[in-house]
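Student: Fold the stuff below for me.
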Amino acid sequence: MGQNGLSTLLNSVGLTQYEGSMPPDNLERAFDFAALSALNQGLESMYGQRGGRGMALRIGRAAFAQGLRTFGALRGAGAPAFRALPFEQRVELGLMALAEVLNHFTDQHARIDSEAQHYVFISDNCPFAWGRSSDKPLCHAMVGMLQECLRWVSNGYEFYVRETACRASGAPECVFKINKTAIGESQR
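Tutor: Predicted coordinates:
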């Protein structure tokens, strides 16, 4: 996207106060969900639906890789003792840790459920759908965060993650289904 693209995006969504001066890198809850939602919508306006989705996925992956993995319970996922756990346990604990970090450090409320073939990550208050209306799910940055979290805790495996329900399309919460089997793997 580059600096010019970011400047154009911020101008297009009315967030010019962040040009050249991003929010401080601290744990204060000073960046409103409405701003994240506006940025998400701005990406779609600038790059089209498919291009905006791709950018949001990359942004979500980068957000996890460059910051979230060092918070709270996720910090321990790099430890040798965690890496020694069985694959399925690392994946489930990684998702639970991500939900805990979001619950503790943001106003997003997340939880994990498990089905026979899927993990289900549920967000009652997803910032990417905040105040938006759509005929299909649009929390692509959250999908990217989940993908990167799973890649990291599984030592490089990729997982299929899809949003099956979204507040922006009238659902009571945003729901993400994650295949329990990594892409291309029938067994480890």
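Student: contacts, neighbours, all on C-alpha from now
Tutor: Fine.
Student: next SSE after the longest helix along the chain?
Tutor: Of all segments of type helix in the chain, defined using DSSP state H, the longest is helix 33-66. Going down the chain from helix 33-66, the next helix or strand is helix 80-83, by DSSP states H and E.
Student: for that following helix, which positions count as buried?
Tutor: Within helix 80-83, the residues that count as buried by 16 or more other CA atoms under 10 Å are F82.
Student: Figure out how far that helix is from the centre of its chain.
Tutor: Relative to the chain's own centre, helix 80-83 is displaced by 24 Å; criterion: CA atoms, centre = their mean, to the nearest Å.
Student: What average pLDDT does it get?
Tutor: The average pLDDT within helix 80-83 is 80.
Student: Other residues contacting that helix?
Tutor: Helix 80-83 has contacts (CA atoms under 8 Å, 6 or more residues apart in numbering) with G76, A77, R90, V153.
Student: low-scoring pLDDT stretches of the protein, where are they?
Tutor: 25-27, 69-73, 75, 186-188 (pLDDT under 70).
Student: Could I get the phi/psi values of the most centrally placed residue in it?
Tutor: Among the residues of the chain, the one closest to the centroid is M142, at 2.3 Å (CA atoms, centre = their mean). Note on M142: backbone dihedrals following degrees, to the nearest 10 are phi -70, psi -40.
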